[in-house]
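Undergrad: A structural model of the following input is requested.
(one chain, ligands or ions: 1)
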Amino acid sequence: MIYFLVQLFLLFGSINCMKQGPSIPFLNLNDGNKLPTMAFGTYLLKGEVARQSIVRAVEAGLRLIDTAAYYENEVDVGAAVAEVIDRKIVTREEIFISTKLWNKYHDREQVVPQLKKSLERLGLDYVDMFLIHTPMAESENGTFLCTDYLETWRGMEDAKKLGLTKSIGVSNFNSRQINRILVYGSIVPAVNQIEGNPTFPNIPLVAYCQQRGIVVMTYSPLGFLVPRGRGRDEQIGPTINNPVLVEIAQKYGKTVIQVVLRYEIDRWTIPISNTRNPKHLEENVNIFDFNLTDTDIERINEFDRKAKVYTLANYRTHLYYGIYTP
Ligand SMILES: NC(=O)c1ccc[n+]([C@@H]2O[C@H](COP(=O)([O-])OP(=O)(O)OC[C@H]3O[C@@H](n4cnc5c(N)ncnc54)[C@H](OP(=O)(O)O)[C@@H]3O)[C@@H](O)[C@H]2O)c1
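TA: Predicted coordinates for the structure are as follows:
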């Protein structure tokens, strides 16, 4: 009888484990908090598709959901988060939400009210991470403003002190811009969220951040391995059939996509991937049972073409445009 009960317990445990996906490790932040080492991105996900995709991602084991006021989907993200908590898949403490302050609200006194609006849309009392989306301020009608992002950073510090966010950070900042925050700010950013993939690994900026204890979250980790619909993908490469990537993937019995996502984790960044497709999701999260070697990472670094998926081209003439400068 006891043997039977033990078997039942073990079986239940393994079914539960399969349902919940892999257990994803954490990275410690410089402010005492932590973040899971892989995130689910929500840009362009809206309504029912957003809800379904996010719930599926949490069921598959992902615990960090990345949104932004700019994505206009915080209500949908909030609904999905409420659902996974109601269904007891996770508690609030087990799920991590990052959102971002948009460029139109860079005055110090706008920051806290904007975060409160995000919280209202999300239906939450706090977020885990609040980021300045870009260093480039603009007016309501889109004309560029020269508001110093140091002023914005002071508003972010206010938000953290009020407990509206556990951690604060930046996105699309280069090392010179972060350095000004380190010199003149009173809180060190916990995160810099930037693009990171084989054609834009941004090695110097990743090193700069990591040497200062700033965790890097990498968006668009699949780079040009997936179609970006701009007709320039083929010239940039590498493709999914690239012999170097295929060779590395075969060595571990993995796919090229899995190797490229693992590349970000093994260089200690947090990839933010995004999929609406359940098969792709399963592929993307199944990367926590192998490690790339330093040699594999160096070989993938060789694909650096300084070619970004997101060029933020509309902002090229902005005083603080600096995403190609490490
Ligand atoms: N801070 C910023 O300025 C900034 C800028 C851009 C993005 N982000 C964040 O980063 C997130 C991710 O960016 P991203 O969408 O460029 O990430 P990504 O994961 O590199 O690319 C997503 C694309 O890859 C496809 N894909 C995903 N898994 C796949 C697989 N296993 N096989 C084949 N195709 C696959 C998806 O299509 P399917 O749906 O068909 O799978 C989708 O078209 C965004 O959602 C957002 O949260 C932040």
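Undergrad: Report the secondary structure state of the residue nearest the centre of the chain.
TA: The chain has Ile272 as the residue nearest its centroid, 3.7 Å off, counting by CA atoms, centre = their mean. State at Ile272, reduced to three classes by DSSP: H, G, I helix; E, B strand; the rest coil: strand.
Undergrad: For it, which residues are in contact?
TA: Counting by CB atoms under 8 Å, 6 or more residues apart in numbering, Ile272 touches 39-41, 66, 193, 217-219, 221. Any C-beta I mention is one placed from the backbone N, CA and C, and that applies to glycine too.
Undergrad: Am I right that Gly169 is in a strand?
TA: Yes - under three-state DSSP, Gly169 falls within a strand.
Undergrad: For the residue of the chain found nearest the ligand, which non-adjacent residue is spatially closest?
TA: Here the residue of the chain nearest the ligand is Gly41; by CB to the nearest ligand atom that distance is 2.3 Å. Leaving aside its sequence neighbours, Gly41 sits nearest to Asn274 (CB to CB, 6 or more residues apart in numbering; 3.8 Å).
Undergrad: I'd assumed Ala39 was in contact with that neighbour.
TA: No - with contact defined as CB atoms under 8 Å, Asn274 does not reach Ala39; the gap is 9.3 Å.
Undergrad: mind listing the helices in the protein by residue range?
TA: Taking DSSP state H to define them, one finds helices in the chain at 2-20, 47-59, 74-86, 108-122, 149-161, 175-184, 203-211, 233-236, 243-252, 256-266, 278-285, 294-301.
Undergrad: got the contact list for the last one?
TA: What that stands for is helix 294-301. The contact list for helix 294-301 (CB under 8 Å, 6+ apart) reads 198, 201, 203, 244-245, 248, 259-260, 263, 266-267, 292.
Undergrad: Quick check: mean pLDDT of it?
TA: The pLDDT scores in helix 294-301 average 98.
Undergrad: Those residues of the protein touching the ligand, which are they?
TA: Selection of the chain residues close to the ligand by CB under 6 Å from any ligand atom yields 41-43, 66, 171-172, 193, 219-222, 226, 257, 272-277, 280, 283-284, 309-310.
Undergrad: Buried ones among those?
TA: 41-42, 66, 171-172, 193, 219-222, 226, 257, 272-275, 283-284, 309 (16 or more other CB atoms under 10 Å).
Undergrad: Leu27 and Asn141, how far apart?
TA: Relative to Asn141, Leu27 is positioned 39 Å away (CB to CB, to the nearest Å).
Undergrad: who has more neighbours, these two?
TA: Leu27 (17 against 6; other CB atoms under 10 Å).
Undergrad: which residues touch the more buried one?
TA: Taking CB under 8 Å, 6+ apart, we find Leu27 in contact with 34-37, 215, 268, 270.
Undergrad: Run a quick neighbour tally on Glu94.
TA: Residues near Glu94, counting by other CB under 10 Å: 12.
Undergrad: actually Leu261, not the one I wrote
TA: Neighbour number of Leu261 under other CB under 10 Å is 24.
Undergrad: Show me the shaky parts of the chain.
TA: Filtered on pLDDT under 70, the chain yields the residue ranges 1-20, 230-235.
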